[in-house]
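Q: let me see the structure of the following:
(chains A and B)
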2 protein chains.
Amino acid sequence: MTELQMMGAKAKEAARSLACAGALKDKALLAMAQALLDHTGDILAANREDVEAARANGMSESLLDRLSLNEKRVAAMADGVRQVAAQTDPIGSVVSGIVRPNGMTIRRVRVPLGVVGIIYEARPNVTADAAALCLKAGNAVILRGGKEAIRSNSAILDCMAEAAVRAGLPDGAMQLVRDTSRASSVELMGLTGYLDVLIPRGGAGLIRSVVENSRVPVIETGVGNCHLFLDESADPQMAADIAVNGKTQRPSVCNALETMLVHEGAAEKLLPLVGRQLADRGVELRACPKALAILQAHGIPAVPACGEDWDTEFLDLILAVRVVSSFDEAAAHIAAHSSGHSECIVTENYANARRFTNEIDAAAVYVNCSTRFTDGGEFGLGAEIGISTQKLHARGPMGVNELTSTKFIIEGDGQIR
Amino acid sequence: MTELQMMGAKAKEAARSLACAGALKDKALLAMAQALLDHTGDILAANREDVEAARANGMSESLLDRLSLNEKRVAAMADGVRQVAAQTDPIGSVVSGIVRPNGMTIRRVRVPLGVVGIIYEARPNVTADAAALCLKAGNAVILRGGKEAIRSNSAILDCMAEAAVRAGLPDGAMQLVRDTSRASSVELMGLTGYLDVLIPRGGAGLIRSVVENSRVPVIETGVGNCHLFLDESADPQMAADIAVNGKTQRPSVCNALETMLVHEGAAEKLLPLVGRQLADRGVELRACPKALAILQAHGIPAVPACGEDWDTEFLDLILAVRVVSSFDEAAAHIAAHSSGHSECIVTENYANARRFTNEIDAAAVYVNCSTRFTDGGEFGLGAEIGISTQKLHARGPMGVNELTSTKFIIEGDGQIR
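A: Residues are numbered from 1 along each chain as shown, chains lettered A, B, ... in the order given. Alright, predicted model coming up:
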């Protein structure tokens, strides 16, 4: 048996008792939160080593910021774990139930998935978040973070796992893969028989690699090529507010806008106002010829869009802008280029609002509000393990329920068929 | 573009309009049912050719029976399609909904999966069943049946697809892969970008091959190594009824029993009665040493079990029998050998009934009724596309709801974050 297989076997054994652990899980979560606070010193010391090594290796400032911890960030992790403890336990809840004519009762109840694998990059807070959410749903978890964060992740996981065992949970409920070579990642993707699901959290490259190579079932998360369609009847100020919020409030996240489509019939009215407000906030507008002409006629800086701009998740202060001749052209553009994350229409037209929500195929479809709301907390799901852009099992923000499966319980008095 | 990629692109285009097809789907389903009846002659002629070729190639009688159609079977297919038409349309139904403090309304609604692939063997009725269920859920479907049934499948699909188009559905809503070489099956498993899910229906070999080789997400169906545990307090006659029904009513199906565990404290009482009734119906009992001694002492024919019997889906009049010393030993045996399909306890003990339903990890967990009930129709789900033995997306019998995904629809009045 390889080391990963042994971890898998240990996780599988732990999962059996976690499935029936009930309120013990919350006791452990509170102990884990306290352990994070108690070990802040160790965690920050380990993190400093990670940050120094990463800086020496030339990591960019924005990635260094994601990697870096401080007292406030550790406290926020602990707070996140406490919030997970406070959520309702999904396990055992009855999803549906019937009584059959022969008197049998059939209930569909929530059960854990079993063993969850998480592959992520250099964000140490994922270690605490993911461990807490998986535990709440009764799953054992195997975490495989990026090599740049290995010291931080080890310090975080060690204190949490120790607290969990002291609270009475089985050893093996949460484990961290210490070997951060590419080989360990490949082996994890082939760990069928031990892992029930693998969830990649990180950039587009990581996610693509996991989706293409994993033999364990994957939940695809994250990539968001999100569109805003300003319909002919759009309220100009609402259009500007939603465009500015969607593009500039936090450009580096998956629910930020990447392309704006503007109905031809209102482009002369909408584009100068919306374009000006975006440009004033430093957004580079990459425009189709029609949009470019209008923007330039109003002295708004813009550059010509190239073909690949329509398929790029910029994650930066860049927005592709296209004038479309009709609702149908907008819908066809979205169908061709959307990553199925979040799509928005701004309209005052009832029929078009209805068509958009019916016809657009994405995890989250918006009318007259910002795509930035696609988030587990904002949707009332509690803490979030990621945002699924696939259609199988879970779609959109995934909370603790999305880390569960169901089973049927059938009770009778001797019924046979 | 290969032929399969062209089929995929056509299916994807069709899926976009199927997602909003509403009641037109039911009109098409009724036309498809009528087309099956109208083309009974063509279908039976094609089927005769398949059966003759298969017989010449030495196909076994039981497989020939599954391949063979007659007027009654074609009428039953048409009836099945009509029943699917009569079910409630799942698309657009609201799964959950909330209003946020900022006034945004968020609804989670059912939407189609998109394009579904079905890989199956030599049962032509799957062609009609699967096409109807996929259509009802608003999905386009690509069917890839076994080469032994290609003439039957073509005749069935052709008349149904023609009727669907005449009823107003897009061409490409249902397509059959005519190339039944192994290469077409391999290519289908790699058709990411076109297929949203692949469902194998058939024997253990087919399912294992698809699960191991597919890069398209798979829903694993079917294999059932089902256990019956006769607890110490089991009612003897109920135990015998459920054992006999589970093993003999239809031994070739996945929800039939394969292993019976008997509590040591009641083995002397239960085994002679239950064993006799099974043996009288021609069941070969493969027993552990303790069970063997009891059975033989009562003159009931039995043979020693070998190790692999505990992991074998016999699909035949054979039952492995083991005496266990406790509830825990029974639960551990099931955890080690179950395929996660259907598991049953017969008990009069409240605490053990409760423990069994809580602790046993399977799609369907039974107390005091036959595992033979694991079936979409019996569970009130309507027609069934298969029985999932995985935990992701769908578990247990899959009806039309399990062929759907969801999306969030968020409506506001200019809300930003």
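
Q: and A:M77, what element?
A: Using DSSP states H and E, A:M77 falls within helix A:71-86.

Q: which parts of that helix count as buried, going by neighbours?
A: A:R73, A:V74, A:M77, A:A78, A:G80, A:V81, A:R82, A:V84, A:A85 (16 or more other Cβ atoms under 10 Å in any protein chain shown). In short, each C-beta sits where N, CA and C put it, glycine included.

Q: need the contact list for A:F379.
A: A:F373, A:G396, A:P397, B:I98, B:I106, B:F408 (Cβ atoms under 8 Å, 6 or more residues apart in numbering or on different chains).

Q: show the buried residues in the residues you listed.
A: Here, 16+ other Cβ under 10 Å leaves A:F373, A:G396, A:P397, B:I106, B:F408 buried among those.

Q: which non-adjacent residue is nearest the closest residue to chain B within the stretch 251-400 of chain A?
A: At 3.1 Å from chain B, A:C369 is the closest residue in the stretch 251-400 of chain A, using Cβ to the nearest Cβ. Once flanking residues are discounted, A:C369 sits nearest to B:G412: 3.1 Å by Cβ to Cβ, 6 or more residues apart in numbering or on different chains.

Q: how is the one you found assigned, secondary-structure-wise?
A: Here B:G412 is recorded as strand under DSSP: H, G, I helix; E, B strand; the rest coil.

Q: tell me which parts of the stretch 301-417 of chain A are close to chain B?
A: Counting by Cβ under 8 Å from any Cβ of the partner chain, the residues of the stretch 301-417 of chain A close to chain B are A:335, A:353, A:357-359, A:361-370, A:372-374, A:378-380, A:390-393, A:395-396, A:405-417.

Q: would A:S405 count as being in a strand?
A: Yes. Counting by three-state DSSP, A:S405 falls inside a strand.

Q: quick one, what contacts the closest residue to it other than its chain neighbours?
A: Sequence neighbours aside, B:K391 is the residue nearest to A:S405 in space, at 3.7 Å (criterion: Cβ to Cβ, 6+ apart). Shown in contact with B:K391 (Cβ under 8 Å, 6+ apart): A:V111, A:L113, A:G114, A:D196, A:V197, A:S405, B:G340.

Q: do that again at 6 Å, thanks
A: By Cβ atoms under 6 Å, 6 or more residues apart in numbering or on different chains, the contact list for B:K391 reads A:L113, A:D196, A:S405.

Q: how about A:D311?
A: A:H337.

Q: look at it and report its pLDDT.
A: With respect to pLDDT, A:D311 scores 96.

Q: and if you look at A:A128?
A: Confidence score, pLDDT, at A:A128: 96.

Q: what about dumping the CA coordinates of the helix or strand where it lies to PDB?
A: Per DSSP H and E, A:A128 falls inside helix A:125-136. This file holds the C-alpha atoms of helix A:125-136, laid out as PDB (Å, rounded to 0.1, in the frame of the first residue of the first chain):
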ATOM      1  CA  ASN A 125      -7.500  29.500   4.700                       C
ATOM      2  CA  VAL A 126      -8.900  26.800   2.400                       C
ATOM      3  CA  THR A 127      -7.400  24.200   4.800                       C
ATOM      4  CA  ALA A 128      -9.600  25.400   7.700                       C
ATOM      5  CA  ASP A 129     -12.700  26.100   5.600                       C
ATOM      6  CA  ALA A 130     -12.700  22.800   3.700                       C
ATOM      7  CA  ALA A 131     -12.000  20.700   6.800                       C
ATOM      8  CA  ALA A 132     -14.800  22.300   8.700                       C
ATOM      9  CA  LEU A 133     -17.400  22.000   6.000                       C
ATOM     10  CA  CYS A 134     -16.500  18.400   5.100                       C
ATOM     11  CA  LEU A 135     -16.700  17.500   8.800                       C
ATOM     12  CA  LYS A 136     -20.100  19.200   9.300                       C
END
